[in-house]
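**Student:** One predicted model, sequence on top.
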Amino acid sequence: MNKKNILKKYGMMVLAVYALAAVLFLVLANHHIRYTPEQSCVIAENPEKDLGELVDGTSIVQTLSDTQKYLSGVEAYFLTYGRENQGSVRVEILDLSDESVAASSTCEVKSFGNGEWQSFELDHPVDVTQLKGQPGIRFVFENGTESNAVTMTTQAVSETDQELWVNGERQDGRALCIKVIEYADSQNAVWYPVILGVVFLLLAAFCAWNIREEKKGKITVALKLVLMLEKYQFLLEQLVSRDFKTKYKRSILGVFWSFLNPLLTMAVQYMVFSHLFKFQIPAYPVYLLTGVVLFNFFNEATTQAMGAITGNASLITKVYVPKYIYPISKVLSTSINLLFSLIPLFLVAWITGRGIHWVYLMLPFGIITFLAFVIGVAFFLATAMVYFRDTQFLWGVFTLLWMYATPIIYPISILEGTFLYHFQKINPLYYYITFFRTIIIDGVSPAPMAYLICIGFAVLALAIGGAVFKKAQDQFILHI
Amino acid sequence: MVMIKVKDVSMRFLMANDNISSIKEFVTAFVKKKLKFKEFWALKNISFEVNKGEVVGIIGRNGAGKSTILKIISGIMKPTTGTVERYGNIVPMLELGSGFDMDLSGKENIFLNGAILGYSKEFLESKYDEILEFSELGDFIYSPIRNYSSGMLMRLAFSIATVVEPEVLIVDEILAVGDENFQQKSRQRMMELMSGGTTVLFVSHNLWQIREMCDRVVWLEGGNVKMFGPVNEVCDAYDISGPDSRR
C-alpha cells in the first residue's frame, strides 16, 4: 500500500476544513469582528415624573449627543396605569437638520408591562456620522385615547446639550427615561483575518514538515495518529453501529424515540415551568429545548462512557484493542442520538417563528467542541470507574446537581447576586448551551470569545481526561 | 529471522489484603496506612525467541504462567519489567466470539467480531462467503444470535477466528467445537493454519499434540523457564517429572 499519500491526504483534509471554518467564521461573525459589542447608553433612568396619557398624535423628541457611531435600538420606560391599553407607538431616529427619518420601529402598546423597560429594535442600524445634523429620537403615538393610553417618564438633568420636546414644547432641564443601544467600529477587526491566516500558514508548515519527515522514513506523532485512525476506524464504526442498533432494537418505535424523547421531556418541563414560574424569556420553548437536548446528551454520553471499560472487561482481558476506543465509541454512538434530537429542536424553532439562518453553519463547530469536551470527561470517568465503582452513583447525583445549577430551565438573570451566578463563569455546560442558544434563538453568530471558550474547555477536558486515562490504562486489566 | 523476542519479562501482581473497591474503604485504609499488598510474581525473568516459520509450544502445570505470558505477548497486559518485541501481524486466538452482541444478527456479528480481532473491512467482505460456508449456518446468519444454539454460536465464532492469514498465530489449546462432525472439521482447520508455514506459539496440556506439532518447547514452572529446547528433549523431561502431566 502506498502509505506515502496517507499523510498528504489527511493534511489536505485538515487544511481544507480549517480554511472553510475560518472563512465561515469571518463571514458569519462579521458583525462581531467589525464592531464593538452593543452597549446600552442611558439618557435617563429614574422615572421621576410622567408625561400624562400619551394619546393619538402625541410626539416626543429627545435629542442625542455624544453618541457612538451606530444606533441599533432603543429601550424605553413605560407606565400603563396598570391596565391594558390600546394603540401603537413608533420609534424613529431623526436627522434633526431636516427632520428626515433614518430608521424606525413600531410596537403595539397592548403588550407593555407597567414600569417595565420595553425594547425596540430598529429596522436597520443608523450610522449617525452620516446624518447632516444632530441625531434625535422621536416617539409617535397612534390610536391611543383618554384612559386608554400609556405614558412615559422623565428625570431632571443638569446638562443642557440634550433637549426634550413634547408636542413641539421644550421641556427644560428634563430628559426622557430611555436607553440607546449603540456600538462603534472595532479597532481589532483587521487582526482576525491576520491571526487566522497565520494559524493556517503554521498548520500548512506543520503538514509539510510531517510529509517531508515521512518521506525520509521517520515516524512522526502526526503520522502515528493518522495510521492509528486508519487502523481502528473500522472497529470504531462497528462499535458505534452496534451501540446504536441495539439501543432501540426491541422497542416498537425504534429510532423514533431519539426525536420523541427530548420533545416529550421539553413538553413536560415547558408545561410545568411556563405556568409555574412565568420566566420572561423570549422563545421559551426553544430556550428550554436547546438546554434539554444538550444536557441530555451530556448526561447520557458520560453515563454510558463511564462503564465503557468495566462493561467491556471480558473483551479487554482477551483481545488487544487500544482502550481509548471504548469510551470514544460510547460518546460517538450517543452523539448520533444528539444529531437526531436536533431535528425536533430545529422544528420547534421553526414553528415558533425563528427562521433557519446561515449562521446554523456554525453549529458543527459547537457540536464538535462539545463532543471533544464530553470525550475528555468520559476518559476521566471511565478511569475513575475502574478504581471506584462508587463513581456511577456519585456521578448520578452530581449531574442532577449540575443540571439545576445550570440555566437550562430558568434564565441566568434569576441567579444574579448569588454564588451560582459566579459559578456560570466556570461552567462549561453554560457556555456550550449559550453558544447553541445564540445561534438558534437569536440567529446570529456568538461573539469570538465564545468560540475561544468552547475550544478552551474542549482542549482542557481532553488534556486532563486523556492524561489520567493514559497514565492508568495499563493498570486497568488488573482491576477489572 | 526472529518474529517474537521475549526479553527478561517479569510480571508482578499486587494483591491487596482486602479487595478495596469503594472510595470510603480506600480512604480509611490509606489514612490508617493499612494499604498493604501481597506481591505475587507470575513470571520471573522469562526470555525466549520464536523464529519465523517455527512452531513453539508452551507447557507447564496450572498456574505456571502460561496464560499470562500469552497475554503479555499479545499486548493485552504490559509486563512489570522486561520487553517483548513483535514483528509482523500477530493474531491471538485466546477466546472465541469476543464481543459478540446477542441482539445483532450473525452477519452483523461477523463484522463486529472481525473488527475487534483486527481484520479490515475489505478483508471481511472478501472472506464473508467463506466464513458463512464454513459455519454451516445458512439463512440463520440473518437472525439475531440470541436465537442460536450454543453449538451454532461456537461454529460462527470459530469460523470468524480462523479465517485469518496471520504471520504469527498465538493459540491457547486447539479449539475443537460443535458436534463430532464439526469438531473434526475445526481440528483440521487448526492443523492447516498451524502447519502452513506460519509462526505459531502454542499452549497445550496435550503432550501428544505438542510432540506432533512443535519444533521447540518452553517449559514454564512457577513463573520460571524450567527448560527451553527441542521438542522431544523437553517433553521427555516434562513427562518423567510428574505423573500429573502425563495424558
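**Tutor:** Alright, I've got the coordinates. Note that the structure is predicted; figures quoted are calculated from it, not measured.
**Student:** buried ones in the longest strand seen in chain A?
**Tutor:** With residue count as the measure and DSSP state E as the assignment, chain A has strand A:116-127 as its longest strand. By neighbour count, and taking 16 or more other C-beta atoms under 10 Å in any protein chain shown as the criterion, the buried residues in strand A:116-127 are A:118, A:120, A:122, A:125-126. In short, each C-beta sits where N, CA and C put it, glycine included.
**Student:** Now do the contacts for the most centrally placed residue in chain B.
**Tutor:** The geometric centre of chain B, computed from its C-alpha atoms, lies nearest to residue B:94 (C-alpha atoms, centre = their mean), at 2.9 Å. The neighbourhood of residue B:94, defined by C-beta atoms under 8 Å, 6 or more residues apart in numbering or on different chains, consists of A:318-319, B:67, B:70-71, B:74, B:170, B:172.
**Student:** Just those residues: which are in helices?
**Tutor:** In helices, judged by DSSP state H, the following of those are found: B:67, B:70-71, B:74.
**Student:** what sits up against the helix or strand containing residue A:7?
**Tutor:** Under DSSP states H and E, the secondary-structure element containing residue A:7 is helix A:4-28. When contacts are defined by C-beta under 8 Å, 6+ apart, helix A:4-28 is touched by residues A:33, A:192-193, A:196, A:199-200, A:203-204, A:207-208, A:210-211, A:214-215, A:222-223, A:226-227, A:229-230, A:358-359, A:361-362, A:365, A:445, A:451.
**Student:** Among the residues you listed, which lie within helices?
**Tutor:** Judged by DSSP H, helices contain the following of the contacts of helix A:4-28: A:33, A:192-193, A:196, A:199-200, A:203-204, A:207-208, A:210-211, A:214-215, A:222-223, A:226-227, A:229-230, A:365, A:451.
**Student:** near chain B, which of those residues show up?
**Tutor:** Cross-checking the ones in helices among the contacts of helix A:4-28 against chain B (C-beta under 8 Å from any C-beta of the partner chain) gives no overlapping residues.
**Student:** Helix or strand next in line after the least confident helix or strand in chain B by mean pLDDT, which one?
**Tutor:** When each helix and strand of chain B is scored by mean pLDDT, DSSP states H and E, helix B:23-31 comes last, with a mean of 74. Per DSSP H and E, helix B:23-31 leads on to strand B:37-51 as the next helix or strand towards the C-terminus.
**Student:** Now do that following strand: which elements does it pack against?
**Tutor:** Strand B:37-51 makes packing contacts with strand B:2-16, helix B:66-74, strand B:81-86, strand B:199-203, strand B:224-230 when contacts are defined by 3 or more C-beta pairs under 8 Å, 6 or more residues apart in numbering or on different chains; DSSP states H and E.
**Student:** Format the CA atom coordinates belonging to stretch A:105-124 as CSV.
**Tutor:** As requested, C-alpha coordinates have been extracted for stretch A:105-124 and formatted as CSV (Å, rounded to 0.1, in the frame of the first residue of the first chain):
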residue,chain,number,x,y,z
SER,A,105,-39.6,50.5,14.8
THR,A,106,-43.3,50.1,15.7
CYS,A,107,-44.8,48.3,18.6
GLU,A,108,-48.4,47.7,19.9
VAL,A,109,-48.7,49.2,23.4
LYS,A,110,-51.0,46.3,24.5
SER,A,111,-48.1,44.1,25.4
PHE,A,112,-46.3,46.7,27.5
GLY,A,113,-45.8,46.0,31.2
ASN,A,114,-46.3,48.6,33.9
GLY,A,115,-43.0,50.1,34.9
GLU,A,116,-41.0,47.9,32.5
TRP,A,117,-38.3,48.6,30.0
GLN,A,118,-39.6,48.0,26.6
SER,A,119,-37.1,47.4,23.8
PHE,A,120,-37.4,48.5,20.2
GLU,A,121,-35.1,47.0,17.6
LEU,A,122,-34.7,49.4,14.6
ASP,A,123,-35.3,48.0,11.2
HIS,A,124,-31.7,48.8,10.4
